[in-house]
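**Q** build me a model:
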Amino acid sequence: MDIIISNSSGKPIYEQITYQIKSMILNGTLQEGEALPSMRLLARELRISVITTKRAYEDLERDGFIETVTGRGSFVAGKNLEFVREEHLRMTEEHLQQAAALAKSAGISLEELTEMLGLLYESE
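**A** Model (predicted):
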């Protein structure tokens, strides 16, 4: 599993892991039913504490992204389309908040920002 941990990030390591695994599930890199590495193996690969990977897996399970079967491991959960849409909306809102803050600090008007977003959205 290709997870990159940044020590300079303001986010805790378990949140970085959670975010990256969620992204892999949402974009289809990890498929429904696919096994995730064990907590110990992932911790060893990333050179972090097992407690950190355990926290990430617990958050992913709580949010419905993975299912853990005692003695077998953790697997990508079946996708609930409404839940997936809600997660995409949440992530989009987070990015738009960052863009709005940057635009305000740069003196870009709401009209200019809206026009930019429209152009970007149509070009995709």
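
**Q** helices and strands around the helix or strand of the chain with the lowest mean pLDDT, which ones?
**A** Every helix and strand of the chain was ranked by mean pLDDT, DSSP states H and E. The lowest is helix 81-105, at a mean of 88. With contacts defined as 3 or more CB pairs under 8 Å, 6 or more residues apart in numbering; DSSP states H and E, helix 81-105 has these neighbours: helix 13-26, helix 110-123. All C-beta spots, glycine's among them, are computed from the backbone N, C-alpha and C.

**Q** and the residue positioned nearest the centre of the chain, what does it touch?
**A** Nearest residue to the geometric centre of the chain (CA atoms, centre = their mean): residue 19, 2.5 Å. Listed by CB atoms under 8 Å, 6 or more residues apart in numbering, the contact set of residue 19 reads residue 11.

**Q** domain assignment for this protein?
**A** 13-76, 81-123 (automatic domain parsing).

**Q** what's the most buried one of those domains?
**A** Among those, domain 13-76 has the highest mean neighbour count (mean count of other CB atoms under 10 Å), at a mean of 16.

**Q** and what about residue 75, helix, strand or coil?
**A** Put simply, residue 75 is strand when judged by DSSP: H, G, I helix; E, B strand; the rest coil.
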